[in-house]
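Participant: Provide a 3D model corresponding to the input given below.
(one chain, ligands or ions: 1)
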Amino acid sequence: MHATFLPSVQGVLARCSSSELVLLCVLALLVWYLLILIYRLTLHPLSRYPGRLSERLTDWPLVFSCIRGNRHIKQLLAHEKYGPIVRDGPNSLSFRSPQALKAIYGAGAHVKKGAWYLTLDISAGAPSVQMVIDQQQHAQRRRVMAPAFSEKALRDAEPLIGATARKLCGKLTSDVLAGCETGEWSRGVDLQQWIAYYGYDFISDLAFGRSLELLELEEHRFVPGTLRSASQFLYYVGYLPFAALVRPLMGTSVQDHFPGQSARDSLRYTNLANSRLAERIEREKRRKEGGGGGDDDSGEGAERKDTFHYLLNSKDPMTGREFTVEELQADTSLLIAAGSDGVTLAVCALLFYALQQPLILHTLATEIREAFATPDEIRTPKLNSLRYLHACIEESLRLAPPKPGSLPRIVLPGGTEIEGQHIPAGTTVGVSHYVIHRNADIFPEPSMFRPERWIVGGDGEGGVSAEQLAAQKRAFCPFGIGPMNCIGRNTAYLAIKLALAHLLWQFDVRVDGNLTGGGGKDLEEGRRDETEYQMYDWIIGFPNGPMVQIRSRV
Ligand code: HEM
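Facilitator: The predicted structure follows:
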């Protein structure tokens with residue numbers, strides 16, 4: 001039969017015109033694709049898990065959510081509808097429990113990072129630490145980075161970050177309060193923009209030894225918008241079903257011709273970061289040659305103990321390996337992106353929620369003002385002893401985790417066990433921080449901003465038991481968990497605390513008209529709660545507002 005079938009097919013094809021041949025090919029492709037779709041719904045190993053039909057069939061809904069910035073919202077709605085395990089892609093499962101969090105991201109998890117990571121920071125010429133998928137290579141890279149995030153490095157960073165926080169208050173006084181009498185409220189101001197200037201200035205000061213000067217220079221204030229748009233591009237492009245074909249073109253001049261402004265912005269940002277880094281390397285060279293480092297804070301020729309200083313002088317204690325220039329480029333670029341917007345979001349979300357509950361704002365401001373007699377006193381360790389401030393930050397990071405969507409992991413050969421289910425090799429698995437932080441079994445009344453849920457019992461209403469706090473901590477993961485978590489976690493807490501302590505010490509803050517930044521009745525499902533701070537998830541959650549008025553207390 002085989003022998004007679006082939007010649008007859010050949011005969012039919014030989015009689016076809018070229019346009020009929022094209023039509024036949026298209027038809028064959030359609031049938032092939034249809035069979036794949038049917039397979040995904042029926043015989044595929046994940047077919048028994050519930051989820052939206054469109055997501056069980058193709059990866060395109062994920063790409064569109066990444067473009068629209070609503071992936072975390074879609075994930076929450078899906079879990080609310082389908083339960084604890086959701087199939088959110090043909091080959092992908094989403095979870096929302098602390099057990100799954102540990103099984104997927106904890107030490108020893110039988111997974112590796114997904115290929116999505118390969119697209120991040122790609123223009124820098126080498127992979128950043130976050131892009132390294134191989135677990136051993138990643139651990140080695142972390143060891144080289146570790147001194148830059150040690151306790152000593154954090155102590156050295158504190159005066160630098162504190163100086164930026166004071167500069168923020170100084171600029172708010174000179175620019176926003178200009179023309180106001182003492183005690184008079186300012187005009188309305190978008191706090192998110194100012195905190196973003198702070199976020200970029202403090203982190204670039206640490207990473208490049210010289211800030212990007214957004215607080216000082218209006219012409220530099222294009223940076224947050226550029227990075228927002230670059231993030232949006234990198235987020236979706238990494239999830240394109242043909243991402244592997246696009247990747248080699250990124251970081252080359254071809255990227256200028258990708259559709260949309262965001263691809264060009266991505267390249268523009270990388271070039272800016274690379275030129276700042278080149279300057280810093282040059283200054284370090286001159287300093288070592290005895291010619292002085294130029295404009296660093298600690299005096300001509302003195303060693304400036306910023307993050308870069310540590311990165312440049314770091315070695316892997318096990319192998320003696322140092323950073324290459326390309327790796328430094330990639331990692332400093334990553335530091336700016338990872339550090340700035342996360343801190344901005346945490347500060348703004350906290351104020352957005354506290355402004356809606358005057359008692360919380362009052363308690364927080366009182367704690368700060370009573371602890372420090374002057375802004376010069378705002379320092380650790382006392383700063384770290386402010387219990388209510390810390391609780392408010394935890395609650396802000398819970399409700400508005402700066403990386404709200406799932407961080408993709410791929411199950412390794414042999415499969416793995418998650419929540420009692422055998423998950424086959426090759427499956428993408430993840431836990432969205434936004435979703436697990438709203439798991440009502442762990443956080444009762446999850447959409448309420450309640451700092452007391454982070455304080456054990458005793459004074460004040462609403463404190464929790466030690467057991468409840470421990471259960472919450474197992475589910476609390478704004479910085480990720482495990483060996484690939486955020487290495488800048490302590491720097492982030494310090495920067496958030498310094499910004500809030502200086503701001504609330506110096507100024508009273510109130511809402512300007514309507515509280516901008518929340519949901520709206522005319523928005524999509526999941527964004528209609530006006531009291532919830534809205535994030536647009538483009539790798540990092542980007543917010544708008546709140547619009548506030550300030551007045552000086554001193
Ligand atoms: C509130 C602020 C921040 C949050 C919530 C946050 C969160 C995270 C998370 C969830 C990851 C893991 C990402 C992934 O697997 O894709 C991460 C990675 C990272 N973060 Fe942060 N971050 C914050 C601030 C910072 C700051 C201030 C720095 C630097 C000073 C920093 C540096 C890094 C670096 C270098 C990585 C990559 C680590 C690795 O791959 O080993 N982050 N961050």
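Participant: drop to CA atoms for contacts and neighbour counts, all remaining ones
Facilitator: Noted.
Participant: residue in the stretch 301-450 of the chain with the shortest distance to the ligand?
Facilitator: Here the stretch 301-450 of the chain gets closest to the ligand at one residue, G339, 3.4 Å apart by C-alpha to the nearest ligand atom.
Participant: give the contact list for that residue.
Facilitator: G339 is in contact with 199-200, 203, 488, 492, counting by C-alpha atoms under 8 Å, 6 or more residues apart in numbering.
Participant: how near is it to L101?
Facilitator: As defined by C-alpha to C-alpha, to the nearest Å, G339 lies at a distance of 23 Å from L101.
Participant: over to Y434?
Facilitator: 13 Å.
Participant: can you check L312 too?
Facilitator: Distance from L312 to L101, by C-alpha to C-alpha: 34 Å.
Participant: equivalent analysis for L41, please.
Facilitator: For L41 relative to L101 (C-alpha to C-alpha), the value is 27 Å.
Participant: in terms of packing, which of those two has more residues around it?
Facilitator: L101 (27 against 18; other C-alpha atoms under 10 Å).
Participant: in what helix or strand does the more buried one lie?
Facilitator: Element membership for L101 (DSSP states H and E) is helix 98-105.
Participant: same check, this time on P224
Facilitator: helix 223-237.
Participant: just the CA coordinates for that helix, please, in CSV.
Facilitator: Extracted in CSV, the C-alpha atoms of helix 223-237 (Å, rounded to 0.1, in the frame of the first residue of the first chain):
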residue,chain,number,x,y,z
VAL,A,223,15.4,57.7,32.6
PRO,A,224,12.5,56.2,34.6
GLY,A,225,10.2,56.4,31.5
THR,A,226,12.9,54.8,29.3
LEU,A,227,13.4,52.0,31.8
ARG,A,228,9.7,51.4,32.2
SER,A,229,9.4,51.1,28.4
ALA,A,230,12.5,48.9,28.2
SER,A,231,11.1,46.6,30.9
GLN,A,232,7.8,46.3,29.0
PHE,A,233,9.7,45.2,25.9
LEU,A,234,12.0,42.7,27.6
TYR,A,235,9.1,41.2,29.5
TYR,A,236,7.0,40.2,26.6
VAL,A,237,9.8,39.5,24.1
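Participant: what does the helix or strand hosting F202 contact?
Facilitator: Here F202 sits within helix 191-208, counting by DSSP H and E. For helix 191-208, contacts defined as C-alpha under 8 Å, 6+ apart pick out 157, 160-161, 164-165, 168, 210-215, 221, 224, 276-277, 280, 306-308, 332, 335-336, 339-341, 343-345, 347-348, 543-548.
Participant: which of the residues you listed fall within helices?
Facilitator: Of the contacts of helix 191-208, the ones assigned to helices by DSSP state H are 157, 160-161, 164-165, 168, 224, 276-277, 280, 307-308, 332, 335-336, 339-341, 343-345, 347-348.
Participant: among those, name the buried ones.
Facilitator: Buried members of the ones in helices among the contacts of helix 191-208, scored by 16 or more other C-alpha atoms under 10 Å, are 157, 160-161, 164-165, 168, 224, 276-277, 280, 307-308, 332, 335-336, 339-341, 343-345, 347-348.
Participant: now the end-to-end length of stretch 207-217.
Facilitator: With C-alpha to C-alpha, one end of stretch 207-217 sits 19 Å from the other.
Participant: and what of stretch 128-144?
Facilitator: One end of stretch 128-144 sits 12 Å from the other (C-alpha to C-alpha).
Participant: in that stretch, which residues are buried?
Facilitator: 128-133, 138-144.
Participant: which parts of the chain sit against the ligand?
Facilitator: 129-130, 142, 335, 338-339, 342-343, 346, 401-403, 407, 478-480, 484-489, 491-492 (C-alpha under 6 Å from any ligand atom).
Participant: just the buried subset of the residues you listed, written out for ChimeraX, thanks.
Facilitator: Selection command for ChimeraX covering only the buried members of the residues of the chain next to the ligand, criterion 16+ other C-alpha under 10 Å:
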select :129,130,142,335,338,339,342,343,346,401,402,403,407,478,479,480,484,486,487,488,491,492
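Participant: next step: the residues of the chain next to the ligand restricted to helices.
Facilitator: Short answer: those in helices (DSSP H) are 142, 335, 338-339, 342-343, 346, 489, 491-492.
Participant: and of the residues you listed, the nearest to L27?
Facilitator: If you rank those by distance to L27 using C-alpha to C-alpha, A338 comes first, at 46.3 Å.
Participant: neighbouring contacts of stretch 416-424?
Facilitator: Counting by C-alpha under 8 Å, 6+ apart, 45, 99-100, 103-104, 110, 411, 413-415, 425 sit against stretch 416-424.
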